[in-house]
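>>> I would like to see how this sequence folds:
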Amino acid sequence: MRGLKFVLLAVIHLVLIGQSSGQQIPMFSQYIMNGFLINPSLAGRDGYSTTTLTVREQWIGIGGGPSTYVASFQTSPSKNIFGSMSRDTRRKVSKPLRASKVGLGGSIFSDHNGIVHRTGFQADYAYHIPFGNGESDLKFLSMGLALVTYQFSIKTSDLNYSYNDDPFFNSYDKSVFITDFNFGTSFATPRYYVGFSMTNLLRGALIYGNSSDNKSGEIGHFFLTGGVNIPVNKEWSVKPSAFLKTSDMGFKSVQLDLTTRLFYKELYWAGVSYRTNDAIIVMIGLNYDKFYFTSAFDFTLSDIRNSSAGSFEISIAAKFGDNTRKYKWLNSF
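Residues are numbered from 1 along each chain as shown. Below you'll find the predicted structure:
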């Protein structure tokens, strides 16, 4: 028991001073479905108004394993990127509407990792620059900024021992509020896309309720994403993608997700992903009318597999708008 107490205190100390080598923010296996949560430049880019609910339960079978719940919304405040218009109601003429250059997004999240809890919201602003002529030549350059505010708290009731007489543990506040910013940029065409984003630009410097005046902070994370669309025929396509993650900890925090998804008529898809030194992920999804359903299951490869049945993630999205879906490739990234 004394050894367990020492380990828990060491982990708490590392997290609070911002030197933990683990991820401080929630990660998603279906990062493409949650694109603007990791890169604010994707907010509102496809011209739809979209509501998404995501649940992720990690390390099933282990009490206190990480869990994440997110409700998000994104939209374009002006007209959809593409649609149909005609001055003569007797004729239907398909013409591109004026491209929307502004995207807005927001999310409410609750992330739990053992005794550490983060609950807050994120507000995103994106600016999109469309250029090119015609469907095959259309391109998007986007930039985005997100404001993130959350409560960082330690739930002491989950501890297996009494901390009241521990001066080290009691030297930290059990609940503080942190405000920070995330930044992202991306470039997309019908054939490929790339994106870069970073979190915690201020490294948690805007902290409130820090009565103990400890030098708390947050680690900055850096994400690089990319993917290609490979049409097989009119009905089938293959879409490989990659998600590279690192942080202020440098090379020892590098992690890579390599994913391949197979699509049928852009309505049904299945895929597999390999996350270095962590898991193999199987995912499926379908689109029915305005609704999208996706699920993923992580088969853990690390030693924790001896105690855990793996991890699962579910996302449900509803897209609304008059987009003609002619440029549906914007949704596949």
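
>>> Can you pull out the low-pLDDT segments for this protein?
Along the chain, segments meeting pLDDT under 70 span 1-24, 78-100, 134-136, 156-173, 210-216, 322-333.

>>> which element is Phe36 on?
Per DSSP states H and E: Phe36 is located in helix 35-38.

>>> Report the distance from that helix to the chain centre.
From the chain centre to the centre of helix 35-38 is a distance of 4 Å (CA atoms, centre = their mean, to the nearest Å).

>>> now stretch 64-82
9 Å.

>>> Just the buried positions in the helix holding Phe36, please.
Gly35, Phe36, Leu37, Ile38 (16 or more other CB atoms under 10 Å). For every residue, glycine as well, the C-beta is placed using N, CA and C.

>>> again with stretch 305-314
Here stretch 305-314 shows Ser308, Gly310, Ser311, Phe312, Glu313 as buried, counting by 16+ other CB under 10 Å.

>>> Need the phi and psi values for the second one.
In this case it means Gly310. In terms of degrees, to the nearest 10, the main-chain angles of Gly310 are phi 110, psi -160.

>>> so what's it up against?
Gly310 sits next to Trp59, Ile60, Ala279, Phe297, Asp298, Phe299, Thr300 when contact means CB atoms under 8 Å, 6 or more residues apart in numbering.

>>> Just give me the neighbour total for Thr51.
For Thr51, the count of nearby residues is 15 (other CB atoms under 10 Å).

>>> That one and Ser76: what is the separation?
Separation of Thr51 from Ser76 (CB to CB, to the nearest Å): 14 Å.

>>> cool, Ala296 as well?
From Ala296 to Ser76 the distance is 28 Å (CB to CB).

>>> Return the closest of the contacts of Gly310 with respect to Ile178.
Ile178 lies nearest to Trp59 out of those, by CB to CB, at 25.1 Å.

>>> so where do the strands sit in the stretch 201-333 of the chain?
Using DSSP state E, counting those that start in this stretch, the strands found in the stretch 201-333 of the chain span residues 206-208, 221-228, 230-231, 236-247, 250-264, 268-275, 279-288, 291-300, 311-320.

>>> Columns distance to Ala43 on top of these, output as JSON lines?
Converted to JSON lines, the strands of the stretch 201-333 of the chain look like this (distance: least, CB to CB, whole Å):
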{"stretch": "strand 206-208", "distance to Ala43": "22"}
{"stretch": "strand 221-228", "distance to Ala43": "15"}
{"stretch": "strand 230-231", "distance to Ala43": "27"}
{"stretch": "strand 236-247", "distance to Ala43": "18"}
{"stretch": "strand 250-264", "distance to Ala43": "21"}
{"stretch": "strand 268-275", "distance to Ala43": "23"}
{"stretch": "strand 279-288", "distance to Ala43": "20"}
{"stretch": "strand 291-300", "distance to Ala43": "17"}
{"stretch": "strand 311-320", "distance to Ala43": "14"}
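
>>> I'd like to know which of these is closest to Phe187.
strand 221-228 (9.7 Å).

>>> Mind listing residues that contact that closest one?
By CB under 8 Å, 6+ apart, the residues outside strand 221-228 that reach it are 23-25, 31-32, 38-39, 184, 186, 191-200, 239-247, 259, 333.

>>> Identify the residue nearest Phe291 in space, chain neighbours excluded?
Counting by CB to CB, 6 or more residues apart in numbering, Phe291 lies nearest to Ala318, which is 5.4 Å off, once chain neighbours are set aside.

>>> so who does the one you found touch?
Contact partners of Ala318, counting by CB under 8 Å, 6+ apart, are Thr50, Thr51, Thr52, Lys290, Phe291, Tyr292.

>>> Among the residues you listed, which pair sits farthest apart?
Taking CB to CB as the measure, the contacts of Ala318 span a maximum distance of 12.4 Å, between Thr52 and Lys290.

>>> quick one: which of the two has more around it?
Neighbours per residue (other CB under 10 Å) separate Thr52 from Lys290, with Thr52 holding more: 21 against 12.

>>> So Gly64: helix, strand or coil?
Put simply, Gly64 is coil when judged by DSSP: H, G, I helix; E, B strand; the rest coil.

>>> gap between it and Gly44?
From Gly64 across to Gly44, the span is 36 Å (CB to CB).

>>> Then Phe177?
Using CB to CB, one gets 28 Å for the distance from Phe177 to Gly44.

>>> between the two, who's got more neighbours?
Neighbour tally, Phe177 and Gly44, criterion other CB under 10 Å: the higher count belongs to Gly44, 30 against 15.

>>> ok, now which ones touch Ala34?
Careful, residue 34 is Asn; it's not Ala. If you count contacts by CB under 8 Å, 6+ apart, Asn34 has them with Phe28, Thr52, Thr54, Val70, Ser72, Ser315.

>>> Near the nearest residue to Ser175 once chain neighbours are set aside, how many other residues are there?
In this structure, Ser175 finds its nearest non-sequential neighbour in Ser153, 4.1 Å apart by CB to CB, 6+ apart. Under the neighbour criterion other CB under 10 Å, Ser153 is assigned a count of 17.

>>> quick one: Ser153 and Ala205, what's the gap?
The spacing between Ser153 and Ala205, counted by CB to CB, is 19 Å.
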